[in-house]
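**Q** Output the structure for:
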Amino acid sequence: MAGLGLVAAIMVIAISPARADDSANIPPALKCADLTGWKMPGSTTTVTKAEVVPEAPPGTVQPSPPAPATISVALPPNCRADGVIDQRVGVEGKSYAIGFAVALPDRWNGRFLFQGGGGLNGSIRPPLGYHAAGDVPALARGFAVVSTDSGHQGAVFDASFLKDQEAALNFANASVGKVTMAAKAIVAHYYGQPAKRSYFTGCSTGGREGMLASARYPEQFDGIVAGAPAMRTGNSNIGLAWANAAFSQIAPKDASGKPEPARTFSAGERKLITNAILDACDAKDGVKDGLIFDGKACQFDPAVLTCKGDKTDSCLAPPQVDALKKAFAGPKNSRNTQVYPPFLWDSGVAAEGVAIPGILTSGARSPVGPPVWESIDVDQLEDRVNASGMDRLTNTAYWTNLSSYFGRGGKLLFYHGVSDPWFSALDTVNYYERMAADSGGMELVREKSSRAFLVPGMGHCSSGAALDRFDLLSAVVNWVEDGKAPEMVVATGPALPGRTRPLCAYPQHAQYKGQGDPESAASFECK
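**A** Numbering: from 1, shown residues only. Below you'll find the model as predicted:
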């Protein structure tokens, strides 16, 4: 449910990233201090504070504190306007408001960007526009950027605000519309003219919010980038509970007799599983490089690791094999209906040393709910999700008619790490296919309106031994403003220095041409 990692990226193939920064360099019509106390006409929106922010040198700004990652380019001088919408006293006498911050660069390119949140929100993250923007976040390109707490204050997974009806409604959907209108009004007031184009980028909860923007506010945005969307967390948590229970059945127990699913497989066994997945699937894209780009052709069967005799370090005991198969297959209810999709066999399923470890390393632990499921009743959990008004309101997985958004020229890009341990990439693919079918058909939607990109080896929003840096912000801007659909984007990553690969628009994948430097994206084609 959270976008905890820095999701970075680089340029679109054959398209200069400068195109997205080709700005009019519009100066402010007001002084920054003039915004303090400004009230949006006909609204409760008030700017509580507006302060000049000087240029920030490279490496000095954290996009998602307390995470240590920093922005690698300079951020321009800007006016940061903080404000509130609908300030009030709610349940238990607690103060509530939709808090937001808008960064207004001294040299504006005429574009507006809404930066999606993470987890259950609850704090205003620096308005930079860093999601899927490569090494150059939106603010550094001259965008005006807004971020929001979505209507409450609290830790990233603190759900206590849900007691308050309005705070719950704001998180579920209303804050996206309210903040968009308020921020656009502030931008127009400050520069003396409205934004020419409006964009949205986010991952996890921010990806869900991006889907929400396309489905419920189709007139507000021209281009949206939605990463690893937390689009039906009730179901995804059943998927994790299912896998966790499968591991817990055979896991070692702690001193109190409680299973420890994160210890179901030793470090050596996790490496054994990863290597077996790579042996089965890595070379199908034409080169063995530790990344599986042709995921559709991956037919890994854990049974190949079953010990023929006594248990050794080079094989798995039959109960381990059974647990592995069951966990990755995903939950089904008593009617044999898949409640959540399978998790894909990929190179990062045992990732460790990262903010959000791989599904085998964590024992399929969810960021919310019990850390251990000793048993599971899928029907009961599914009934509980289906009966939850909050789950229904936050859910963006079932609205698939985007004809109004696409009809006015809106573009929607998805991306998802194939090794995401919280949300199966297959759930995003499933939504994309259903949405395309209901919005004019796959061929038309793919040609005119929406594309999806799967990132091999990548965990939740970023990280892992993967190429997790790619510039979908330039891609969506170029599609909206120049009509250039992104066939592929080039990905890099600090975990694999010197390597570049194309990320191809689904259902295509990167395939080695058979000649040329296997470390270079130029030696690959989309097939």
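
**Q** can we go C-alpha only for contacts and neighbour counts from here?
**A** Will do.

**Q** So what sits opposite the residue nearest in space to the middle of the chain in the bridge?
**A** Nearest to the geometric centre of the chain sits residue 203, at 2.4 Å (C-alpha atoms, centre = their mean). In this entry, residue 203 is beta-bridged to residue 227, by DSSP bridges.

**Q** so it sits right up against residue 229, yeah?
**A** Yes. If you go by C-alpha atoms under 8 Å, residue 203 and residue 229 touch, sitting 6.1 Å apart.

**Q** could you list every residue that touches residue 229?
**A** Neighbouring residues of residue 229 by C-alpha atoms under 8 Å, 6 or more residues apart in numbering: 203-208, 211, 423, 428.

**Q** Now do it against residue 420, distance only.
**A** 11 Å (C-alpha to C-alpha, to the nearest Å).

**Q** now the nearest residue to residue 423 once chain neighbours are set aside, what's its secondary structure?
**A** Sequence neighbours aside, residue 236 is the residue nearest to residue 423 in space, at 6.1 Å (criterion: C-alpha to C-alpha, 6 or more residues apart in numbering). The three-state label given to residue 236 by DSSP: H, G, I helix; E, B strand; the rest coil is helix.

**Q** List the contacts of residue 236.
**A** Shown in contact with residue 236 (C-alpha under 8 Å, 6+ apart): 340, 422-424.

**Q** Sort out which one of the residues you listed lies nearest residue 261 for me.
**A** The closest of the contacts of residue 236 to residue 261 turns out to be residue 422 (C-alpha to C-alpha; 15.5 Å).

**Q** Report the contact partners of the closest one.
**A** Applying C-alpha under 8 Å, 6+ apart, the residues contacting residue 422 are 1, 236-237, 240, 359, 364, 366, 460.

**Q** which ones among those residues are found in strands?
**A** Taking DSSP state E, every one of these sits outside strands.

**Q** Counting neighbours, what do you get for the nearest residue to residue 24 once chain neighbours are set aside?
**A** Among residues not flanking residue 24 along the chain, residue 109 sits closest, at 5.2 Å (C-alpha to C-alpha, 6+ apart). When neighbours are counted by other C-alpha atoms under 10 Å, residue 109 registers 23.

**Q** doesn't residue 491 fall inside a strand?
**A** Yes. Using three-state DSSP, the assignment for residue 491 is a strand.

**Q** if we can go back for a sec, just the pLDDT at the residue nearest to residue 24, thanks.
**A** pLDDT for residue 109: 98.

**Q** isn't it right up against residue 25?
**A** Yes. Counting by C-alpha under 8 Å, residue 109 does reach residue 25; the two are 5.3 Å apart.

**Q** sorry, back to before: take the contacts of residue 422 and keep only those in helices.
**A** Residues of these located in helices (DSSP state H): 236-237, 240, 359.

**Q** quick one: which of the residues you listed is nearest to residue 434?
**A** Closest to residue 434, out of all of these and judged by C-alpha to C-alpha, is residue 236, at 18.0 Å.

**Q** how close does that closest one sit to residue 382?
**A** 11 Å.

**Q** overlap in contacts of these two?
**A** Joint contacts of residue 236 and residue 382 (C-alpha under 8 Å, 6+ apart) do not exist.

**Q** Identify all contacting residues around stretch 167-183.
**A** Stretch 167-183 is contacted from outside by 40, 45, 85, 96, 98, 100, 102, 114, 120, 146, 148, 150-152, 161-162, 209, 212-213, 217, 220, 390, 393-394, using C-alpha under 8 Å, 6+ apart.

**Q** An error on my part: the question was meant for stretch 372-392.
**A** 168, 172, 232-235, 238, 241-242, 244-245, 248-249, 259-261, 331-334, 339, 365.

**Q** Just the buried ones from the residues you listed?
**A** 168, 172, 232-235, 238, 241-242, 244-245, 248-249, 259-261, 331-332, 339, 365 (16 or more other C-alpha atoms under 10 Å).

**Q** where in the stretch 251-400 of the chain is pLDDT low?
**A** Regions of the stretch 251-400 of the chain meeting the criterion pLDDT under 70 are absent.

**Q** All the helices of it, in order from the start?
**A** Applying DSSP state H, counting those that start in this stretch to the stretch 251-400 of the chain gives helices spanning 267-281, 318-329, 359-362, 378-386, 389-394.

**Q** Could you export the last one as CSV, CA atoms only?
**A** This means helix 389-394. Output of helix 389-394 as CSV, limited to C-alpha atoms (Å, rounded to 0.1, in the frame of the first residue of the first chain):
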residue,chain,number,x,y,z
GLY,A,389,-17.8,0.2,2.4
MET,A,390,-14.3,1.6,2.7
ASP,A,391,-12.9,-1.2,0.5
ARG,A,392,-15.6,-0.4,-2.1
LEU,A,393,-14.9,3.3,-2.1
THR,A,394,-11.1,3.0,-2.3
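
**Q** Can you name the next helix or strand after it?
**A** Next helix or strand after helix 389-394 toward the C-terminus (DSSP states H and E): helix 403-407.

**Q** Does the helix or strand just after that next one pack against any helices or strands, and if so which?
**A** Note on helix 403-407: by DSSP H and E, the next helix or strand toward the C-terminus is strand 411-417. The helices and strands touching strand 411-417, judged by 3 or more C-alpha pairs under 8 Å, 6 or more residues apart in numbering; DSSP states H and E, are strand 223-227, helix 425-438, strand 450-455, helix 472-482.

**Q** go again using 6 Å as the cut-off
**A** Under the contact criterion of 3 or more C-alpha pairs under 6 Å, 6 or more residues apart in numbering; DSSP states H and E, strand 411-417 touches strand 223-227, strand 450-455.

**Q** Of the ones you listed, flag the one that's most buried.
**A** strand 223-227 (a mean of 31; mean count of other C-alpha atoms under 10 Å).

**Q** which residues are in contact with that strand?
**A** 199-203, 207, 210, 410-416, 476 (C-alpha atoms under 6 Å, 6 or more residues apart in numbering).

**Q** okay, among those residues, which ones form the most distant pair?
**A** 410 and 416 (20.4 Å).

**Q** and the two? which has more neighbours close in?
**A** Set residue 410 next to residue 416 and count neighbours by other C-alpha under 10 Å: residue 416 wins out with 30 against 26.

**Q** any idea how far residue 210 is from the more buried one?
**A** Residue 416 is 14 Å from residue 210, by C-alpha to C-alpha.

**Q** With residue 126 instead?
**A** 18 Å.

**Q** Looking at those two, which is more packed in?
**A** Between residue 126 and residue 210, counting by other C-alpha under 10 Å, residue 210 is the more crowded of the two (33 against 22).

**Q** Check the secondary structure at the more buried one for me.
**A** helix.

**Q** Please name the residues that touch it.
**A** residue 226.

**Q** and if we set it to 10 Å?
**A** 114-117, 176, 199-204, 217, 221, 223-227, 229, 396, 412-414 (C-alpha atoms under 10 Å, 6 or more residues apart in numbering).

**Q** repeat for residue 459
**A** 5, 228, 347-349, 351, 354-359, 416-423, 465-466, 468.

**Q** send the alpha carbons of stretch 463-483 over as PDB?
**A** Taking Å, rounded to 0.1, in the frame of the first residue of the first chain, the C-alpha atoms of stretch 463-483 are listed here in PDB:
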ATOM      1  CA  SER A 463      14.600  -1.200  -5.700                       C
ATOM      2  CA  GLY A 464      16.200  -4.600  -6.100                       C
ATOM      3  CA  ALA A 465      18.800  -6.000  -8.500                       C
ATOM      4  CA  ALA A 466      16.800  -4.400 -11.300                       C
ATOM      5  CA  LEU A 467      16.800  -1.500 -13.800                       C
ATOM      6  CA  ASP A 468      14.400   0.700 -11.800                       C
ATOM      7  CA  ARG A 469      15.100   4.100 -13.300                       C
ATOM      8  CA  PHE A 470      13.000   5.100 -16.300                       C
ATOM      9  CA  ASP A 471      11.400   8.300 -17.500                       C
ATOM     10  CA  LEU A 472       7.700   7.900 -18.000                       C
ATOM     11  CA  LEU A 473       7.000  11.500 -17.300                       C
ATOM     12  CA  SER A 474       8.800  12.500 -20.500                       C
ATOM     13  CA  ALA A 475       6.900   9.700 -22.300                       C
ATOM     14  CA  VAL A 476       3.500  10.900 -21.200                       C
ATOM     15  CA  VAL A 477       4.300  14.500 -22.000                       C
ATOM     16  CA  ASN A 478       5.500  13.700 -25.400                       C
ATOM     17  CA  TRP A 479       2.400  11.600 -26.100                       C
ATOM     18  CA  VAL A 480       0.100  14.300 -24.900                       C
ATOM     19  CA  GLU A 481       1.800  17.200 -26.500                       C
ATOM     20  CA  ASP A 482       3.400  15.700 -29.600                       C
ATOM     21  CA  GLY A 483       1.300  12.700 -30.300                       C
END
